[in-house]
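Undergrad: Predicted model follows, preceded by the sequence.
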Amino acid sequence: MSHTAVNPLDDEHADPFAIAAQAAEQLRDATGVEHHDIALTLGSGWAKAADLIGETTHTIAATDIAGFSKPALEGHVGTLRSILLPSGKRALVIGARTHYYENHGVRRVVHSVRTAAAAGASVMILTNGAGGIKDHWVPGTPVLISDHLNLTANSPLEGATFIDLTDLYAQRLRDLAHTVAPELDEGVYVQFRGPHYETPAEVQMAKAMGGHIVGMSTALEAIAARQAGMEVLGLSLITNLAAGISPEPLSHAEVIDAGKAAEPVISALLARIVAQL
Ligand code: 8IG
C-alpha cells in the first residue's frame, strides 16, 4: 500500500516512463496478469461498459499504484480493473482520470495511458462526456472522435520529441466501430483547459476552427498514447449542447443526468466494439 502524500511524478527530475513501468509492475504483482492487450479510460457516462465487456478478475484502488492520484470529482471511480474478455484477451479499465484542469501537470494527466502501454496494451480507448456543437446531436448521442484540436497549449511530450499525429484516431478502429454501429457520427474533439465551460464566443471559435465536440480531456492522453505506439479509439458522449448552441445555460447536474440516462445504451455499444478488437 502506498498512500504516500507525494506523487513521484511531481519530482520534475523523475522519469515518467520509469514510474509508468513501476506502476505496470505493481499491476502485475497485484493481478498476476502479465500482459494487458487493450486499455480503456471510461469517462462520464461510460463507466458501466466495464461490467459488460467481460469478467472483472481484479479491482485495484488506483491510489495503490505508483503515480496515480485520488479522483478529484465525485462520480469518477478511482479504480483500475483487469477484465478477461470473452476472446481471451485482457482489458485494463482505468476509472481514474486526472484532468488537466486539476493543475497537477501533464505528466499526471497521461500517466494512466503510459501505465497501460507499459502493461502491454496496444489499443487505447479514450472515452469522455462532452458538449456538442452540431445541433442535431441531442444529449445522449455517442460520437466517434475523428481528430482533435488541442487548445491546452501544452503537450505530454518533453524536449525535442517530434511525433506524427496523422491518423491519431486510427481509421482502422473507426472502421471497426462503424461495422458495429454504422449510424455513429464522427467529429473533431476540441480539448479546452476548463474547468469552466466555454463562452458562446469560444464555442463559435471552436466551430470556425473545424471543431465539433468540446471537452476537457482526451487530446493530451491521445498524444501520449501515440508516443507509446498505441492505436487510439476516441468516443464522446454528448451530454449537452455546447454553450450558445442551445439557448439553455449549462448545468453540471443536467450533464450528469444525461450521462446516467445514456449509460446503458452507450456502454452496450462500447462492449460490442470491444468484442470486435
Ligand atoms: I460533460 O460543454 C461536458 N464536458 N469544455 N464543454 C466542455 N467540456 C464539457 C462540456 C462542454 N460538457
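TA: Structure's in. What do you need?
Undergrad: which SS state does the one residue in the stretch 51-200 of the chain that gets nearest to the ligand fall under?
TA: Nearest residue of the stretch 51-200 of the chain to the ligand (CB to the nearest ligand atom) works out as residue 131 at 2.2 Å. Just so you know, the C-beta spots here come from the backbone N, C-alpha and C atoms, and that holds for glycine as well. Of the three states, residue 131 takes strand according to DSSP: H, G, I helix; E, B strand; the rest coil.
Undergrad: who does it bridge with?
TA: When bridges are called by DSSP bridges, residue 131 pairs up with residue 214, residue 240.
Undergrad: measure it to residue 237 for me?
TA: Per CB to CB, to the nearest Å, residue 131 is found 11 Å from residue 237.
Undergrad: One more: residue 164?
TA: Going from residue 164 to residue 237 by CB to CB gives 29 Å.
Undergrad: Which one's more surrounded, these two?
TA: Taking neighbours as other CB atoms under 10 Å, residue 164 and residue 237 compare with residue 237 leading, 30 against 7.
Undergrad: Which residue, neighbours along the chain excluded, lies closest to that one?
TA: residue 45 (4.0 Å; CB to CB, 6 or more residues apart in numbering).
Undergrad: for residue 231, same thing?
TA: Nearest non-adjacent residue to residue 231 (CB to CB, 6+ apart): residue 170, at 4.4 Å.
Undergrad: for the record, mean pLDDT for the helix or strand harbouring residue 91?
TA: Residue 91 is part of strand 90-94 when elements are defined by DSSP states H and E. What strand 90-94 shows for mean pLDDT is 97.
Undergrad: go on, stretch 242-256?
TA: Regarding stretch 242-256, the rounded mean pLDDT is 85.
Undergrad: picking that back up, count of residues packed around the residue nearest to residue 231?
TA: As a burial measure, residue 170 scores 17 neighbours (other CB under 10 Å).
Undergrad: Who are the contact partners of residue 131?
TA: Applying CB atoms under 8 Å, 6 or more residues apart in numbering, we find residue 131 in contact with 197-198, 203, 213-215, 238-243, 245, 250.
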